[in-house]
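A.B. asks: have a look at this prediction, sequence included:
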Amino acid sequence: NAGVTQTPKFQVLKTGQSMTLQCAQDMNHNSMYWYRQDPGMGLRLIYYSASEGTTDKGEVPNGYNVSRLNKREFSLRLESAAPSQTSVYFCASGGLLNYGYTFGSGTRLTVV
Amino acid sequence: AQSVTQLDSHVSVSEGTPVLLRCNYSSSYSPSLFWYVQHPNKGLQLLLKYTSAATLVKGINGFEAEFKKSETSFHLTKPSAHMSDAAEYFCVVSGQRGFKTIFGAGTRLFVKA
């Protein structure tokens, strides 16, 4: 009963540190997404990958990079963390047709 | 361009009474529309979706939504609220092929005993 798995679940970083958030899905979905969730702002798209080997910017890509390692895995990297990146990060995957997404359980990141 | 507006940031109902969560959208082409639910400290779960088939869409846990093109609305309803429905609900409009999906700011539903 997997679906979309995110690691870690919690992380505290100091300003300027780097880290990678990992995401893996086992549903054979083509597209994968990274969102951030901030109070009162819903979810905002950071980057997405329409299919293996492709990535594109979303609404708020600055300060982030992504890698679509294979069909299953899509990682999000913060090269130099800033307090403004304190947020809850969600990974999601979607099938070929527009039938909605499956979300991971989230990573709560605090940058101090 | 697309946008979605959830008209209420908070809604409070009593257990056993109807639920109405309001959503208006804007899209330059025929949209796909979704409602997701998020329980505290959890990920988002798909409740229901509209993808240009029937305008009245039934979802999980007794929720349904009606697509009204003339009003550009996609309101979520449930006849009788249950305590377990207390959560945050997101209305979502999706671009063609599902990329660059736009989320509303969310409506937090409170259910009183």
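C.D. replies: Okay, I see it.
A.B. asks: for chain A, list the residues in contact with chain B, please.
C.D. replies: Residues of chain A found near chain B (C-beta under 8 Å from any C-beta of the partner chain) are A:4, A:31, A:33, A:35, A:40-45, A:48, A:50, A:56, A:58-59, A:90, A:92, A:94, A:97-106. Quick note: C-beta positions are derived from backbone N, CA and C, even for glycine.
A.B. asks: out of the residues you listed, which are buried?
C.D. replies: By neighbour count, with 16 or more other C-beta atoms under 10 Å in any protein chain shown, those hold A:4, A:31, A:33, A:35, A:42-45, A:48, A:50, A:58, A:90, A:92, A:94, A:98, A:100-104, A:106 as buried.
A.B. asks: in the chain, where is pLDDT below threshold?
C.D. replies: No chain in the question, so chain A it is. Within chain A, the segments meeting pLDDT under 70 span A:1, A:96-98.
A.B. asks: hm, I was asking about chain B
C.D. replies: Short version for chain B, where the test is pLDDT under 70: B:95-99.
A.B. asks: show me the contacts for the residue nearest the centre of it.
C.D. replies: Chain B has residue B:35 as the residue nearest its centroid, 3.5 Å off, counting by C-alpha atoms, centre = their mean. For residue B:35, the contacting residues are B:21, B:23, B:46-49, B:59, B:63, B:65, B:74, B:76, B:89-92, by C-beta atoms under 8 Å, 6 or more residues apart in numbering or on different chains.
A.B. asks: these: which ones sit near chain A?
C.D. replies: Counting by C-beta under 8 Å from any C-beta, B:46, B:49, B:90 from the contacts of residue B:35 sit close to chain A.
A.B. asks: in strands only, show me those.
C.D. replies: B:46, B:49, B:90 (DSSP state E).
A.B. asks: who wins for most neighbours among those residues?
C.D. replies: Highest neighbour count within those, by other C-beta atoms under 10 Å in any protein chain shown: residue B:90, with 24 neighbours.
A.B. asks: look up which helix or strand the spatially most central residue of chain A falls in, please.
C.D. replies: Geometric centre of chain A, nearest residue: residue A:34, 2.9 Å, by C-alpha atoms, centre = their mean. Element membership for residue A:34, per DSSP states H and E: strand A:31-37.
A.B. asks: CA atoms of the very next helix or strand once past that strand as CSV?
C.D. replies: With elements assigned by DSSP H and E, the helix or strand that comes after strand A:31-37 is strand A:43-49. The C-alpha trace of strand A:43-49 is given here as CSV (Å, rounded to 0.1, in the frame of the first residue of the first chain):
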residue,chain,number,x,y,z
LEU,A,43,-0.3,24.8,-2.9
ARG,A,44,2.2,26.4,-5.3
LEU,A,45,3.9,24.4,-8.0
ILE,A,46,7.7,24.5,-7.8
TYR,A,47,8.7,22.2,-10.6
TYR,A,48,7.2,19.4,-12.5
SER,A,49,8.2,16.5,-14.8
